[in-house]
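Participant: Any chance you can model this:
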Amino acid sequence: MSLVLVEKPRPHVTVVRLNRPHRLNAMSFELMTALYDTLRRVAADNAAWVVVLTGEGRGFCSGLDLEDPGMIPGIDDMSLARIGMLAMGHFSRIVPALRDLPQPVIAAVNGPAYGGGMCLSLGADLRFAAASAEFNATGIVNGLTSTELGASWLLPRLIGASRANDLLLTGRKIGAEEAERIGLVSRVVADGSVVDAAVEAAERMCEFSAFGLQMTKKVCWANLETTSLTAAVDLEDRNQLLLGNTENLVECIRARRENRKPIYTDMPRRDVIEHGASRPPKY
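Facilitator: Below is the predicted model of the structure:
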């Protein structure tokens, strides 16, 4: 049985589904290995423009599997200290891996997202929640720390330091309604429909430029770490120029005049190629 399922329900939309439903898709070493391998394949799939991440069954991901974590791969001839670091990294690098995907990721949180599962959702670019979804920073409850898998960096940026500290220090569970109110998720939909809602949103996003989606994701993540407004605007300017040198804007204007949807190809602007950059672009 594959621990991660991949579906392509619509053109350019890929659904990645954790498949340990008997454990609420808890994170084992084997599951994480399968997920990393899947993300590498999805990243290399040029026909995939938007990714939906969800869990099979009634849970999104219940965090680290404390009872059946499986075996750490690649530990032959390692000391205990090295094994510990390898084990931590096998889980903690999943959020950077999601960030490194060129495609925007929508987390369709269909049930409990506890501990590392909540962190996994934080690594997505958008979060939709089913009405019965729950979020919880479980580490503190288990006698550990809730600051794991990037939560101490991401959560304050998403919902503010005060609310992030509330979740990370109290270990309390919050439902989908509160998660939407504080900005942890952007949409709440009826149970049983969250994946469909995410796929529908992904399909609408695929009407845009694949290059535009990719570069928007890159800039949004990069400017979470930038040091000033000026630096942020400079990066935006350069990325906007990259898209401005394609046929996309010309096609947008043409489509509006012809009362149809634009078809973006991301191809270089013909007038720039034919006449050089010395002439101003014509719209």
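Participant: Nearest residue to C119 in space, please, no chain neighbours.
Facilitator: Closest residue to C119 apart from its sequence neighbours, by CB to CB, 6 or more residues apart in numbering: L149 at 3.5 Å. C-beta here means a position set from N, CA and C on the backbone, and glycine is covered the same way.
Participant: For the one you found, grab the count of nearby residues.
Facilitator: Counted with other CB atoms under 10 Å, residues neighbouring L149 total 26.
Participant: wait, it sits on L120?
Facilitator: Yes. Shown here, L149 and L120 form a contact pair, counting by CB atoms under 8 Å, at 7.3 Å.
Participant: Can you tell me which residue sits nearest the middle of this protein?
Facilitator: Centroid-nearest residue in the chain, with CA atoms, centre = their mean: A124, separated by 2.1 Å.
Participant: low pLDDT regions in this structure?
Facilitator: 272-283 (pLDDT under 70).
Participant: Now the residue nearest to the centre of the chain: closest residue in space that isn't a chain neighbour?
Facilitator: Among residues not flanking A124 along the chain, A107 sits closest, at 3.6 Å (CB to CB, 6+ apart).
Participant: Over to M78. Which of the three states is it?
Facilitator: What DSSP: H, G, I helix; E, B strand; the rest coil gives for M78 is coil.
Participant: mind checking how far it is from T38?
Facilitator: From M78 across to T38, the span is 26 Å (CB to CB, to the nearest Å).
Participant: and the residue nearest to C119, what does it touch?
Facilitator: Neighbour list for L149: 91-92, 94-95, 116, 119-120, 122-123 [criterion: CB atoms under 8 Å, 6 or more residues apart in numbering].
Participant: By neighbour count, which of these wins?
Facilitator: The most crowded member of the contacts of L149, judged by other CB under 10 Å, is C119 (29 neighbours).
Participant: how about the strands of the stretch 101-250 of the chain, start to end?
Facilitator: In the stretch 101-250 of the chain, the strands defined using DSSP state E, counting those that start in this stretch lie at 105-109, 112-114, 126-130, 134-136, 174-175, 187-189.
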